[in-house]
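Asks: I would like to see how this sequence folds:
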Amino acid sequence: MTAPAPTADWPEPVEIVNAGSRSPLVLVCDHASNHIPAVYGRLGVAPPELQRHIAWDIGAAEVTRAIAARLGAPAFLGAYSRLLVDLNRPFGVPTSMPVISEATRIPGNEGLDEAERTLRRERMFEPFHEAVAKFLDRRGAAKNLIVAIHSFTPIFLGAARPWHVGLLHEDGGELAQQFLAALRVDPALVVGDNEPYRIDREGDYAIPVHGTDRGNPAVLIEIRHDLIDTPEGVAAWAGRLAAILEPIVATYELAA
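Replies: Next up is the predicted model:
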């Protein structure tokens, strides 16, 4: 299949907010959308399933846009469902175009031929990460704070998760420690340190590639999605995270 020119059903693969910003904070939301072009027939998945976490990170896009608006930071949001291609996986690993997500079968991902895999790589995966990379390249040697915004399901394969928020990081560096300390100020929050997931180079992309490999401090924030599935929840968490980020961002300066 050859992808048509950009339309409402085949949007540009990345939404860029505040593209001209000079803020050192760079937000990434790769699981922002559950959109699947009509030609895919929902990948054979029932409509209610596409409202679940398997198709996108519920509330993450709204939180990302709200933080970007409050802090004037650039943000990069994916425009297609993670079921078509997961932007936060190295392309081609089994979970990048899953045939089973959680316990749900994804018939439209079974037996993909090379042409379809190439289409998804060239139309969805590569343009997203090239947009981030080119943006960072234009900034030269300046330090950037890479913050990826995700959400996670309260129950995974029948197991309840106790955390309200988790902070994922590779190096345990200053940015991670500052963020963890700020989150833990609220005794009501259950904060995960590399929970409910860990950064793994075989299963993660944005933090290792745009963060660690470029020498940029980088963290991935996981918010339990039942806390951000309403406008009120989004506003509360965006405000909380922006208040943490604002003084951290103020300590960094971009090169002129």
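Asks: who's in contact with residue 146?
Replies: By C-beta atoms under 8 Å, 6 or more residues apart in numbering, the contact set of residue 146 is 26, 28, 206, 207, 210, 211, 216, 217, 218, 219. Yep, even glycine has a C-beta here, placed from its N, CA and C like the rest.
Asks: just the ones in strands from those residues, please.
Replies: Counting by DSSP state E, the contacts of residue 146 place 26, 28, 218, 219 in strands.
Asks: surely the first one touches residue 143?
Replies: Put plainly, it is residue 26. No. Under the criterion of C-beta atoms under 8 Å, residue 26 makes no contact with residue 143, lying 10.6 Å away.
Asks: quick one: which of the two has more around it?
Replies: Of the pair residue 26 and residue 143, residue 26 is the one with more neighbours under other C-beta atoms under 10 Å, namely 25 against 14.
Asks: skip the chain neighbours and tell me the closest residue to that one.
Replies: Using C-beta to C-beta, 6 or more residues apart in numbering and skipping the chain neighbours, the partner closest in space to residue 26 is residue 144 (5.0 Å).
Asks: neighbours of the one you found, just the number please.
Replies: 22.
Asks: give me the distance between residue 183 and residue 139.
Replies: Going from residue 183 to residue 139 by C-beta to C-beta, to the nearest Å gives 28 Å.
Asks: neighbour count: those two, which is higher?
Replies: When neighbours are counted by other C-beta under 10 Å, residue 183 and residue 139 differ, and residue 183 comes out ahead with 21 against 15.
Asks: return the backbone torsion pair for that one.
Replies: phi -70, psi -40 (degrees, to the nearest 10).
Asks: helices along the stretch 51-200 of the chain, start to end?
Replies: For the stretch 51-200 of the chain, the helices defined by DSSP state H, counting those that start in this stretch occupy 60-71, 114-120, 126-138, 174-183.
Asks: how distant is stretch 141-155 from the center of its chain?
Replies: Distance of stretch 141-155 from the chain centroid (C-alpha atoms, centre = their mean, to the nearest Å) equals 6 Å.
Asks: now do the contacts for residue 77.
Replies: 14, 15, 16, 17, 29, 30, 32, 33, 61, 64, 65.
Asks: for residue 191, see how far away the fifth one is.
Replies: This means residue 29. According to C-beta to C-beta, residue 29 and residue 191 sit 21 Å apart.
Asks: please apply the same query to the second one.
Replies: In this structure, residue 15 and residue 191 are 29 Å apart, going by C-beta to C-beta.
Asks: which residues touch the residue nearest to residue 165 when sequence neighbours are not counted?
Replies: With C-beta to C-beta, 6+ apart as the criterion, residue 165 has its nearest non-adjacent residue at 5.3 Å, and that residue is residue 223. Residues in contact with residue 223 (C-beta under 8 Å, 6+ apart) are 59, 60, 63, 149, 150, 151, 152, 164, 165, 237.
Asks: again, only this time at 6 Å
Replies: 151, 165, 237 (C-beta atoms under 6 Å, 6 or more residues apart in numbering).
Asks: hang on, it is in a helix, isn't it?
Replies: No. Read with DSSP: H, G, I helix; E, B strand; the rest coil, residue 223 is strand and lies in no helix.
Asks: strands - which of the contacts of residue 223 land there?
Replies: Checking those against DSSP E, those in strands are 151, 165.
Asks: return the member of the contacts of residue 223 nearest to residue 50.
Replies: Nearest to residue 50 among the contacts of residue 223: residue 151, at 15.6 Å, using C-beta to C-beta.
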